[in-house]
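Visitor: compute the structure for the input listed below.
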Amino acid sequence: MTSRLVVLATGSGSNLQAILDACADGTLEAEVVLVVVNRRTAYAAERAAAAGVPSVYRPMGPFREAVPDDPRRARERYDAALAAEIADARPDLIVQAGWMHLFTSTFLDRFPGMVVNLHPALPGAFPGAHAIDDAWAAHETDGLDHTGVMVHLVPDEGVDDGPVLASQRVPIMVDDTRETLEARLHEVEHELFVATIGDYLRTR
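Guide: Numbers count the residues shown, from 1 in each chain. As a prediction, the model looks like this:
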């Protein structure tokens, strides 16, 4: 049975593209039924359109404007609205592929065991939106010789600390630049993410 994926993306969507390609060539027995972006300029929406997948633009801004003095309430309202829309797509799995928004329990409690995230660091290292920059800074200041990639479940509001489904170490080479390290991390991300999604769908 083909699994239904909803993919959430904020930026260029290279990991979305890896998922779309794997669905198209049969590597992943799944189909992307909806792509959600939260930035108008997100190239992920164009990747979705090229693959014939519907996408929606759902920014946080209007919710912040509605309750400017209560950021938590704004996030919860946004999460409730987005959860309702995603539920209509009947997903088997919700995939955060470079999604720059931390969900509250309002969203996560509606989809237990169904939200996975990709993070460009090893478990317990460099949580948050600047993991690659943080790893590179540690390399330059302290001689850090490796970083990595992990795929994990998102059961609660913790930042990049949910149960780990898979991880892979990525060395930092002596001749690396920040850019070459990021490129190599992305290569690992694309393979690890697709393989882990497939494994999780088969076993959950």
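
Visitor: count of residues packed around residue 63?
Guide: Counted with other C-beta atoms under 10 Å, residues neighbouring residue 63 total 20. For every residue, glycine as well, the C-beta is placed using N, CA and C.

Visitor: so where is the protein shaky, pLDDT-wise?
Guide: The model of the chain has no residue with pLDDT under 70.

Visitor: now do the SS call for residue 73.
Guide: When classified by DSSP: H, G, I helix; E, B strand; the rest coil, residue 73 comes out as helix.

Visitor: ok, now which ones touch the residue lying closest to residue 1 once chain neighbours are set aside?
Guide: Take residue 1 and drop its neighbours on the chain: the residue closest to it by C-beta to C-beta, 6 or more residues apart in numbering is residue 29, 7.9 Å away. For residue 29, the contact set (C-beta atoms under 8 Å, 6 or more residues apart in numbering) comprises 1, 2, 3, 198, 201.

Visitor: so which residues of this protein form helices?
Guide: 14-25, 44-50, 61-66, 71-88, 105-108, 131-142, 178-203 (DSSP state H).

Visitor: in CSV: these, plus distance to residue 150.
Guide: Converted to CSV, these look like this (distance: least, C-beta to C-beta, whole Å):
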stretch, distance to residue 150
helix 14-25, 13
helix 44-50, 21
helix 61-66, 30
helix 71-88, 23
helix 105-108, 18
helix 131-142, 10
helix 178-203, 8
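
Visitor: tell me which of those sits nearest to residue 148.
Guide: Of all those, it is helix 178-203 that lies closest to residue 148, at 7.8 Å by C-beta to C-beta.
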